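Undergrad: build me a model:
(4 chains)
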Number of protein chains: 2
Amino acid sequence: MNIGEAAKSSGVSAKMIRYYEQTGLIPSAGRTASGYRTYTGTDIQMLRFIRRARDLGFQVNAIAELLALWRDRSRHSADVKQLAQEQIAGLRRKIAEMESMVDTLDHLAQGCSGDDRPDCPILADLEGEASLVAPACHSGPGFNR
Amino acid sequence: MNIGEAAKSSGVSAKMIRYYEQTGLIPSAGRTASGYRTYTGTDIQMLRFIRRARDLGFQVNAIAELLALWRDRSRHSADVKQLAQEQIAGLRRKIAEMESMVDTLDHLAQGCSGDDRPDCPILADLEGEASLVAPACHSGPGFNR
DNA sequence: CTTGACCTTCCCATGATTGGAAGGACTATC
DNA sequence: GATAGTCCTTCCAATCATGGGAAGGTCAAG
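TA: Numbering: from 1, shown residues only, chains lettered A, B, ... in the order given. Below you'll find the predicted structure:
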């Protein structure tokens, strides 16, 4: 099976397959006499593994660890579980961060009339929180350039 | 005020200030006779604006739109509100995506014994064996090793 | 044999940010 | 003044995962 077919049946683009090979995430594929890469069923399974892990938000270096465990028949499931839990924790951190952004924005947007007048609490907030009007510059705005 | 001081009082690194200038997000700063960039109170306010918007997850091109509205004294607050709401919607999309990752991972992790045995529903799922649920994985002890 | 679809490598771009090197400018102290 | 140390300047590179595209070789069907 050549790279195009492997891409189609794994869901990983040919570009990315080459990239993963180049960066060592996957071993070098076999080659035909004319230089085409060839892929076996096991290779496809590995690519699907990678694809699925990416879908779950794992970074490529975390996937490398997962792959190592996957290949290690004497692995401890605890190690896999720990990676998964770190991933969960990382995702939850990012979610919390974004939720706090949403909360702030939602609050600001609710205070915005949203009509044709220029007054806008969103811009007011962005300008400098709690209407701190340019305190740091002792010369005042527009004087010392 | 030179760039180091501007960075400190705006929370935007000197590197990024130069980058924003280079990419046109902010106008070119004034220069001293010897080539140093100089910043006024208004400049600092603009940099703080950018910093705050970045903190709220706006991409730089969205910030460019916000800045244009900020400078436009005849803006309609509806336009600002719409940008904010698009941002909220985008964040919510990403949050939902990540939450679904967390759900899947959490489910898989709960099905994983997390001990020294190799059997692991997490790896089984990544492998692509479709059984998204399948707690049948960590069944009996000592089957394959 | 030609055509078209596929493959190869190589280079470039993204977006936001950081790092560093080489060299000039400022400031404080001796 | 001279000098040390900190600041500034520009330029170049790297990150991470991905895609685009060019130039050229290979394969299968007509």
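Undergrad: what distance do you get for A:Met101 to chain B?
TA: 5 Å (CB to the nearest CB, to the nearest Å). C-betas here are computed from N, CA, C, even on glycine.
Undergrad: surely A:Met46 touches A:Glu21?
TA: No: with contact defined as CB atoms under 8 Å, A:Met46 does not reach A:Glu21; the gap is 11.1 Å.
Undergrad: which one of the two has more residues nearby?
TA: A:Met46 (23 against 15; other CB atoms under 10 Å in any protein chain shown).
Undergrad: which pLDDT does the model give that one?
TA: At A:Met46, the model reports a pLDDT of 96.
Undergrad: tell me which helix or strand it sits in.
TA: Assigned by DSSP states H and E, A:Met46 falls within helix A:41-55.
Undergrad: wait, does that helix contact DNA strand C?
TA: No: if you take CB under 7 Å from any atom of the strand as the test, helix A:41-55 misses DNA strand C, and the best it gets is 12.3 Å.
Undergrad: OK, contacts around A:Lys8?
TA: Going by CB atoms under 8 Å, 6 or more residues apart in numbering or on different chains, A:Lys8 touches no other residue.
Undergrad: now with 10 Å, please.
TA: Taking CB atoms under 10 Å, 6 or more residues apart in numbering or on different chains, we find A:Lys8 in contact with A:Met1, A:Ala14.
Undergrad: and it, how far from B:Lys8?
TA: 53 Å (CB to CB, to the nearest Å).
Undergrad: find the nearest non-adjacent residue to the residue most central in space within chain A, please.
TA: With distances taken as CA atoms, centre = their mean, A:Gly57 lies nearest the centre of chain A, 6.0 Å away. What sits nearest to A:Gly57 in space, not counting adjacent residues and going by CB to CB, 6 or more residues apart in numbering or on different chains, is B:Met101, at 4.8 Å.
Undergrad: and the one you found, what's its pLDDT?
TA: Per-residue confidence (pLDDT) for B:Met101: 95.
Undergrad: alongside DNA strand C, which residues does chain A contribute?
TA: Within chain A, the residues that sit near DNA strand C (CB under 7 Å from any atom of the strand) are A:Asn2, A:Ile3, A:Gly4, A:Glu5, A:Ala14, A:Arg18, A:Gly35, A:Tyr36, A:Arg37.
Undergrad: PyMOL command for the buried members of those?
TA: In PyMOL, a selection of the buried entries from the residues of chain A next to DNA strand C looks like this (16 or more other CB atoms under 10 Å in any protein chain shown):
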select buried, chain A and resi 3+37
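Undergrad: next, give me the two most distant ones among the residues of chain A next to DNA strand C.
TA: Greatest spatial distance among these (CB to CB): A:Glu5 and A:Gly35, at 16.4 Å.
Undergrad: which residues of chain A lie near DNA strand D?
TA: By CB under 7 Å from any atom of the strand, the residues of chain A that approach DNA strand D are A:13, A:15-16, A:19, A:32-36, A:54, A:59-61.
Undergrad: can you check which residues contact both of A:Met46 and A:Glu21?
TA: With CB under 10 Å, 6+ apart, A:Met46 and A:Glu21 have common neighbours A:Pro27.
Undergrad: relative to the whole chain's centre, how far out is the helix ranked longest in chain A?
TA: The single longest helix within chain A, with elements called by DSSP state H, is helix A:77-110. Distance of helix A:77-110 from the chain centroid (CA atoms, centre = their mean, to the nearest Å) equals 12 Å.
Undergrad: repeat that for stretch A:73-85.
TA: Its chain's average C-alpha position is 22 Å from that of stretch A:73-85, according to CA atoms, centre = their mean.
Undergrad: I'd like the average pLDDT over it.
TA: pLDDT averaged over stretch A:73-85 gives 95.
Undergrad: low-scoring pLDDT stretches of chain A, where are they?
TA: A:129-145 (pLDDT under 70).
Undergrad: hang on, the earlier thing: let's see which of the residues of chain A next to DNA strand D end up in helices.
TA: Per DSSP H, the residues of chain A next to DNA strand D map to helices at A:Lys15, A:Met16, A:Tyr19, A:Arg54, A:Val60, A:Asn61.
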